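Student: Turn this into a model:
(one chain, ligands or ions: 3)
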Amino acid sequence: MHKLLLKGGRVVDPQAGEIFAADILIVDGRITAIGPGLEPGEGAVMDVAGKLVAPGLIDMHVHFREPGFEAKETIASGSRAAARGGFTAVACMPNTNPVADNRAVITYIKTRAEEAGLVKVYPIAALTRGSRGEELTEMADLKEAGAVALSDDGHPVASAAVMRRAMQYARMVGLPVISHCEEPTLSAGGVMHEGYMSTVLGLPGIPAAAEEIMVARDIILSEYTGCPLHIAHVSTSGSVRLIREAKARGVPVTAEVTPHHFTLTDRAVADYNTSTKVNPPLRTEEDVAALKEALADGTIDVIATDHAPHTLEEKDVEYQLAPFGLVGLETALGLVWTELVVPGVLSPVEAIRKLTVNPARILGLQEGVLKVGADADITIIDPELMEVVDPATFASKGRNTPFSGRRLQGLPVATIVKGRVVYNRDLAVIA
Ligand SMILES: NC(=O)N[C@@H](CC(=O)O)C(=O)O
Ligand SMILES: [Zn+2]
Ligand SMILES: [Zn+2]
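Tutor: Ligands and ions are numbered 1, 2, ... in the order given. Take a look at the predicted model:
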């Protein structure tokens, strides 16, 4: 029997909206007791005094690049980055090579994740074959193989007719559709947000409308088909307005925002650092304010990283030539705390909710809460701990972060998956 007692922490219950002092006893990978004054028996004790004990964080949007782009990231290196970032589960996007549009690739990802043996990896399957936006994938087969959602992330579904059919079938098989909203004829050639800064810098822009047109289209199709729709990486105030209005009418739409979109603006592009090149692009101060308001009022359900590693060589080129994407797993919680919790945009419980129960509900996962009988997937957070971001310390192969040198407060100090400590910064464990 394997026993671990988490002693002296403050337990976060995102469902009840409470934080209370309690110990947690883990036996053979499951939580067997939550309460004051628990005793470990012959087991080990982890001292979590002064720390928050939260359900394991779930990142529902990462790119692990395997199969096909292992120089950028592998499922093993991505899993280490997730564990170090406080995540016990991730959902990985299908834009690999080959694309995760068939049972073999989904099975391969699950096998590699089990071999890595750190965090739970839930594959998201492609919506269309090769994510080319033409023919639908075998959705029922993909679900049976273990896919938790369908998305052509990385590529827009240009055809409304294809998206409509995709939603009809996805609804039938019971998988949510995650939409990367980008109208390709409007975004074509753009490398940053279209506005004052793109004019000053002389870089081709991607207008807010390129995102908002597709948000509007997909909301209309979700309402028409009844298919649950999740909008990935929302970046503009106009998208927020559309989602808020759709939710008020009862459309089954949910949405996520990334830490970089609620933290940075297009001003960050001014030094041509290619780590600021991301799709959708960093927007304006007004957009950042709207995203924070949407987090606070519940319009945005989830915080997800869109962790998109690239090699140094690929990013070390002229701004216009660099690939889109930045790494997010190892700075996410610090940015959530520093930018949202410390300034009071979200309470600690609300922030944890958007990293646990909300993504779990959208993906249909039985996790995201701490309860007796459940898998012991737990993230220990030190809300006071401060650290300056140093990409050299990342477990990810990607170093493409725009947050290098930034001081963050509120960091993960231990990550526990099924009772196993997969990351421990410095907490004492007495056996
Ligand atoms: N977000 C990005 O800038 N890049 C993502 C693709 C995506 O999420 O659309 C990638 O795969 O690199
Ligand atoms: Zn995308
Ligand atoms: Zn993505």
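Student: Spell out which parts of the stretch 201-350 of the chain neighbour ligand 2.
Tutor: Within the stretch 201-350 of the chain, no position lies close to ligand 2 (CB under 5 Å from the ion). For the C-beta atoms, the positions are set from N, CA and C on the backbone; glycine is no exception.
Student: Next to ligand 1, which bits of the stretch 201-350 of the chain? Give me the list.
Tutor: The stretch 201-350 of the chain comes close to ligand 1 at residues 278-279, 306, 308, 324-325, as judged by CB under 6 Å from any ligand atom.
Student: quick one: which two of those are the most distant?
Tutor: Farthest-apart pair in these is 306 and 324; separation 10.0 Å (CB to CB).
Student: who touches both of these two?
Tutor: Counting by CB atoms under 8 Å, 6 or more residues apart in numbering, the contacts common to residue 306 and residue 324 are residue 278.
Student: neighbour count winner among these two?
Tutor: More crowded of residue 306 and residue 324, by other CB atoms under 10 Å: residue 306, with 28 against 16.
Student: thought the more buried one was touching residue 257?
Tutor: No - with contact defined as CB atoms under 8 Å, residue 306 does not count as touching residue 257 (9.6 Å).
Student: residues shared between the contacts of these two?
Tutor: Among the neighbours of residue 306, those also in contact with residue 257 (CB under 8 Å, 6+ apart) are residue 233.
Student: State which one residue of the stretch 301-431 of the chain is found closest to ligand 3.
Tutor: Nearest residue of the stretch 301-431 of the chain to ligand 3: residue 306, at 4.3 Å (CB to the ion).
Student: So what's the residue count around the spatially closest residue to residue 130 that is not a sequence neighbour?
Tutor: Using CB to CB, 6 or more residues apart in numbering and skipping the chain neighbours, the partner closest in space to residue 130 is residue 99 (5.2 Å). When counting by other CB under 10 Å, one arrives at 23 neighbours for residue 99.
Student: and residue 99, what does it touch?
Tutor: With contact taken as CB under 8 Å, 6+ apart, residue 99 is in contact with 105, 126, 129-131.
Student: if I look at it, how far off is residue 137?
Tutor: Residue 99 sits 9 Å away from residue 137, taking CB to CB, to the nearest Å as the criterion.
Student: helix/strand/coil for residue 140?
Tutor: Under DSSP: H, G, I helix; E, B strand; the rest coil, the three-state class of residue 140 is helix.
Student: Can you read off the pLDDT for the residue nearest to the spatial centre of the chain?
Tutor: Compute the mean C-alpha point of the chain, and by CA atoms, centre = their mean the closest residue is residue 304, 2.4 Å away. Per-residue confidence (pLDDT) for residue 304: 99.
Student: right, and it touches residue 356 too?
Tutor: No - the criterion here is CB under 8 Å, and residue 304 misses it with residue 356 at 11.9 Å.
Student: now the helices for this protein?
Tutor: Assigned helices in the chain, in chain order: 75-84, 103-116, 139-145, 160-173, 184-187, 196-201, 208-225, 237-248, 259-263, 285-297, 312-315, 332-336, 348-353, 357-363 (criterion: DSSP state H).
Student: Let's have those helices in CSV, adding mean neighbour count, distance to ligand 3 and mean pLDDT.
Tutor: Putting these into CSV (neighbours: other CB atoms under 10 Å; distance: least, CB to the ion, whole Å; pLDDT from 0 to 100) gives the following:
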stretch, mean neighbour count, distance to ligand 3, mean pLDDT
helix 75-84, 26, 13, 99
helix 103-116, 18, 15, 98
helix 139-145, 18, 18, 98
helix 160-173, 18, 17, 98
helix 184-187, 16, 15, 98
helix 196-201, 15, 22, 98
helix 208-225, 21, 14, 99
helix 237-248, 20, 16, 99
helix 259-263, 23, 12, 99
helix 285-297, 18, 17, 99
helix 312-315, 14, 16, 98
helix 332-336, 26, 14, 99
helix 348-353, 22, 21, 98
helix 357-363, 22, 14, 98
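Student: possible to save the ones you listed as a markdown table with distance to residue 14?
Tutor: Rendered in a markdown table, the data for those read as follows (distance: least, CB to CB, whole Å):
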| stretch | distance to residue 14 |
| --- | --- |
| helix 75-84 | 19 |
| helix 103-116 | 25 |
| helix 139-145 | 27 |
| helix 160-173 | 27 |
| helix 184-187 | 35 |
| helix 196-201 | 37 |
| helix 208-225 | 26 |
| helix 237-248 | 20 |
| helix 259-263 | 18 |
| helix 285-297 | 14 |
| helix 312-315 | 36 |
| helix 332-336 | 13 |
| helix 348-353 | 4 |
| helix 357-363 | 5 |
